[in-house]
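Enquirer: got a predicted structure here, sequence first:
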Amino acid sequence: MPEHYDVAIIGAGMSGLAAGIRLAYFGKRVCLFERHNAPGGLNSFYSIDGRRYDVGLHAMTNFVPPTVKGTPLGRILRQLRIEREELDLCPQFGSRVAFPGRDLRFTNDPAVLEAEVAREFPHQVDGYRALIAAIKAYDDNRLDPPKESARAFIAAHISDPVLTDMLLCPIMFYGSAQEHDMELLQFVIMAKSIFLEGFARPLEGVRRIIRVLLDRYRAAGGERRMKCGVQRIVPTADGRVDRLILDDGSEVTADHVLSSVGLPETRLLCGEAPGPAIEENTGRLGFVETISVHKTSPSVWGWVDDTIVFFNDSDRFSYEATRERVDLRSGIVCLPNNFAFGEGRALAEGFVRITCLADPDYWFGAAEPEYQAEKHRWFAEIERSARRFMPAPTVEPAESRVAVDMFTPRTVGRFTGHLRGAIYGAPVKQRSGRTALANLYLCGTDQGYLGIVGALLSGITMANLHILQPGR
């Protein structure tokens, strides 16, 4: 007889781990099935030559001081029974949105961005204040919101297109699977998480978060099967999951199944044939990221105040699928050293991470020799492009470089299974988490909550809604 579980979870990413912890706390027999040998999914880490690199994590959003109640971070800590100190969250120094001739700085204090808008766009500051009030008033807990445009929502308060683009730039780069615009709900969630709450990270990076989650999951009695993915979800004639067929050919059954691998990917697992119905809701946005490791911190070169810089070199911001191998017009520079880690605490080496939009079709289709050569070429181009938006260094960063790496949409596809390497998944989310099968539910990116905090919240919410509190 196949092994039977109360709940089988496909994927050991952040949402799967959070759902597993929550369910195990309430006595459910839970098993996580993960195709790879490391948990974390889109937010994990890997080693090359003994040096560890973070994947995904630039910063955790939704950071607030311990005295602030009623926020997503507080809800997650409470429901997963994690003490805040365990995550060792250290706030950012401050970040910037850099456009031609314009800079908007923001920190974890919302008043800083308001003052920056007043400085750069004095005739728009009243509209900006009205926009923030509307964001605060919007109910972002609904699982069936109307489809509304973020740009239209902003336009009701702000008339300057450059300010609109500058506000959308970090929000889109950190969470939009949709080109040019965003669904209003997604915009509100991300605006709150970035502009009204803020950025932080542990000194150890994502490893610290994963370790805490795994400790909770193991202590609660959850099971894990690593290097053991789900090959197929077999449905019954009456529209339920009958069983899961694993990569090794063995089978398991479960009363409920949670899938964190994405909506189109889950439909394929259920036996749906590839075609237009799958393709039309497969993400089209791909990214490349360069990682440089240095002997010294970026502060030595004069890159002191910036934690993350969102840059754009054009009159308008174009967030869209590109046919260029890499779109150098815009991107993100992340300096992981520039967080307030505390007295006597610092990263052992200096890091610079640069992210840009890229063409998934090219990076998936290139033959291996060309692929490696183009990675090398574009690494240099990406660094040159991003340097335009950083202070002139007092020391040349290249002279202190000791290691580099780069990932592409092909890398993302290989390690996450996301079609076309789409980090932010399907453009149209399934907020309810429901699928065509009555006991199969989505959690994670395609349920609709993004980032580490969003993924954790998604796993908790779907576990509560569909398994622990069904019918509510």
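Expert: Happy to help now that I have it.

Enquirer: what number of residues lie near H4?
Expert: By other Cβ atoms under 10 Å, the residues close to H4 number 13. Where C-beta positions appear, they are placed from N, C-alpha and C, glycine not excepted.

Enquirer: now what about stretch 91-111, what contacts it?
Expert: Residues from elsewhere that reach stretch 91-111, judged by Cβ atoms under 8 Å, 6 or more residues apart in numbering: 59, 63-64, 112-113, 116-117, 120, 132, 162, 165-167, 169-170, 194-200, 304-315, 317, 338-340, 389.

Enquirer: A150 and N141: what is the separation?
Expert: Using Cβ to Cβ, to the nearest Å, we find A150 at a distance of 18 Å from N141.

Enquirer: and what of I308?
Expert: 27 Å.

Enquirer: looking at the two, which is more packed in?
Expert: Legend: neighbour count by other Cβ under 10 Å for I308 and N141, higher for I308 (26 against 9).

Enquirer: report the buried members of the contacts of stretch 91-111.
Expert: In these, burial by neighbour count holds for 59, 63-64, 112-113, 116-117, 120, 132, 162, 165-167, 169-170, 194-200, 306-312, 317, 338-339, 389, counting by 16 or more other Cβ atoms under 10 Å.

Enquirer: now, those that are in helices?
Expert: Of the positions in those, 112-113, 116-117, 120, 132, 162, 165-167, 169-170 sit in helices, assigned by DSSP state H.

Enquirer: now the residues you listed in CSV, with pLDDT?
Expert: Below are those laid out as CSV (pLDDT from 0 to 100):
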residue, pLDDT
V112, 98
L113, 98
E116, 98
V117, 98
E120, 98
I132, 98
V162, 97
D165, 98
M166, 98
L167, 98
C169, 98
P170, 97
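
Enquirer: give me the number of residues near the residue lying closest to V112 once chain neighbours are set aside?
Expert: Using Cβ to Cβ, 6 or more residues apart in numbering and skipping residues adjacent in sequence, the residue nearest V112 is F106, 5.7 Å away. Using other Cβ under 10 Å, F106 has 26 neighbouring residues.

Enquirer: separation between F106 and D306?
Expert: As for F106, its distance to D306 is 11 Å (criterion: Cβ to Cβ).

Enquirer: same check on P145?
Expert: P145 is 34 Å from D306, by Cβ to Cβ.

Enquirer: now swap in L214 and tell me
Expert: Counting by Cβ to Cβ, the gap from L214 to D306 is 32 Å.

Enquirer: so A438: helix, strand or coil?
Expert: With DSSP: H, G, I helix; E, B strand; the rest coil as the basis, A438 sits in coil.

Enquirer: is it true that it touches D242?
Expert: No: counting by Cβ atoms under 8 Å, A438 does not reach D242; the two are 11.7 Å apart.

Enquirer: find the nearest non-adjacent residue to the most centrally placed residue in the chain, please.
Expert: By Cα atoms, centre = their mean, the mean C-alpha position of the chain lies nearest to G451, the distance being 3.3 Å. Excluding its sequence neighbours, the residue lying closest to G451 (Cβ to Cβ, 6+ apart) is T61, at 5.1 Å.

Enquirer: again with I76
Expert: L456 (4.9 Å).

Enquirer: give the contact list for that neighbour.
Expert: Counting by Cβ under 8 Å, 6+ apart, L456 touches 14-15, 17-18, 76, 80.
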